[in-house]
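Peer 1: below is the sequence, then the predicted model.
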Amino acid sequence: MADLEALKKEAALRAVALVESGMCVGLGTGSTAKYAIEELGRKISSGELTGIIGVATSNASEQLAREVGVPVEEFDCQQFDVAIDGADEIAPNLDLIKGLGGALTREKLLELRAHRLVIIADHTKLVKRIGEKAPIPVEIVRFGVASTLERLRDLGAGGELRSRGGEHFVTDNGNLIFDARFARIDDASALARDLKLTAGVVETGLFLGMAERAFVATPEGVRELTRA
Ligand SMILES: O=C[C@H](O)[C@H](O)[C@H](O)COP(=O)(O)O
């Protein structure tokens with residue numbers, strides 16, 4: 001296992017330690033959230049946790065959860081005791097960029113209903129300022145994509161439509177992702193609002209004021225960060 005993978009798993013285990021029997025748990029998406037789902041499955045199989053209900057933020061996470069024995073329900077109006085998910089960037093105030101795995105819309109829908117959103121990551125995801133490294137994934141509908149891109153460029157966005165294997169990347173919702181890059185983001189809330197108000201935009205990967213804590217694994221150990 002590469003070092004970074006070991007760190008991601010360490011962070012995931014710390015988050016799953018917060019889960020208690022009978023909880024409704026939001027299951028994140030990505031290579032770090034995968035370790036959390038596996039650990040949850042292990043604890044359920046061993047009888048350490050009972051009565052857990054999981055709701056997944058992507059088809060891939062739902063499939064993994066079923067494989068490892070986490071009972072999964074459809075997303076409806078659940079209130080989640082905890083949601084555990086990865087992130088692409090973590091700012092000091094725990095504002096996040098998410099969605100490089102393409103699951104941002106389902107993640108946001110679910111995680112807005114979580115009493116506690118717990119982020120798990122390795123130290124490479126820490127930034128001083130949001131947008132420092134990662135683009136902001138913006139999910140957009142296919143219809144009228146060229147005009148939506150024009151409007152996004154009018155907001156100052158560089159970047160491009162995400163592709164995979166020479167084809168447009170398509171989300172679980174059947175939409176496209178524009179990975180938006182901005183020279184410098186001084187006001188993330190204003191940007192999130194402007195992006196959301198752009199016709200054709202479904203959701204953005206800016207998760208502001210949502211995370212309660214983050215377990216960030218470093219070579220020196222796991223740091224626990226909480227939102228002020
Ligand atoms: O759409 C994907 C999610 O937002 C992921 O949580 C995020 O991309 C981090 O993924 P990973 O843990 O694989 O770096």
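Peer 2: Cool, got the structure.
Peer 1: show me which residues of the protein sit near the ligand.
Peer 2: 28-33, 85-88, 98-104, 107 (CB under 6 Å from any ligand atom). The way it works is simple: take the backbone N, C-alpha and C, and place the C-beta from them, glycine included.
Peer 1: mind checking which of those are buried?
Peer 2: 28-30, 32-33, 85-88, 98-104, 107 (16 or more other CB atoms under 10 Å).
Peer 1: which of those fall within strands?
Peer 2: Among these, the members falling in strands (DSSP state E) are D85.
Peer 1: burial check on A183, number of neighbours?
Peer 2: Neighbourhood size, A183 [other CB atoms under 10 Å]: 9.
Peer 1: ignore what I typed, I meant G22.
Peer 2: Neighbour count of G22, defined by other CB under 10 Å: 11.
Peer 1: for it, give me its contacts.
Peer 2: 50-52 (CB atoms under 8 Å, 6 or more residues apart in numbering).
Peer 1: if you rank these by neighbours, which is first?
Peer 2: Counting neighbours by other CB under 10 Å, the top entry in these is I52, with 21 neighbours.
Peer 1: gap between it and A217?
Peer 2: 24 Å (CB to CB, to the nearest Å).
Peer 1: how does this protein divide into domains?
Peer 2: With domains defined by automatic domain parsing, the chain comprises 3-127+208-219, 136-203.
Peer 1: what residue lies at the spatial centre of this protein?
Peer 2: Taking CA atoms, centre = their mean, the centroid of the chain lies closest to K98, which sits 4.5 Å from it.
Peer 1: spatially nearest residue to that one (excluding sequence neighbours)?
Peer 2: In this structure, K98 finds its nearest non-sequential neighbour in G205, 4.9 Å apart by CB to CB, 6 or more residues apart in numbering.
Peer 1: let me see the mean pLDDT of the host helix or strand of I120.
Peer 2: I120 is located in strand 117-122, with elements delineated by DSSP states H and E. In this model, strand 117-122 has a mean pLDDT of 98.
Peer 1: got the contact list for that strand?
Peer 2: Here strand 117-122 makes contact (CB under 8 Å, 6+ apart) with 4, 7-8, 11-12, 14-15, 18, 26, 28, 32-33, 35-36, 82-87, 90, 94, 96, 111, 207, 210-218.
Peer 1: do stretch 157-175 as well
Peer 2: 58-59, 102-103, 105-106, 135, 137-142, 145, 149, 176-183, 202.
Peer 1: let's see which of the residues you listed end up in helices.
Peer 2: Judged by DSSP state H, helices contain the following of these: 59, 105-106, 145, 149.
Peer 1: got those as JSON lines, with neighbour count columns?
Peer 2: Shown next, in JSON lines, are the ones in helices among the contacts of stretch 157-175 (neighbours: other CB atoms under 10 Å):
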{"residue": "N59", "neighbour count": "13"}
{"residue": "T105", "neighbour count": "22"}
{"residue": "R106", "neighbour count": "25"}
{"residue": "V145", "neighbour count": "16"}
{"residue": "L149", "neighbour count": "21"}
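Peer 1: which among the residues you listed gets closest to V70?
Peer 2: For the ones in helices among the contacts of stretch 157-175, the minimum distance to V70 (CB to CB) is 14.6 Å, reached by N59.
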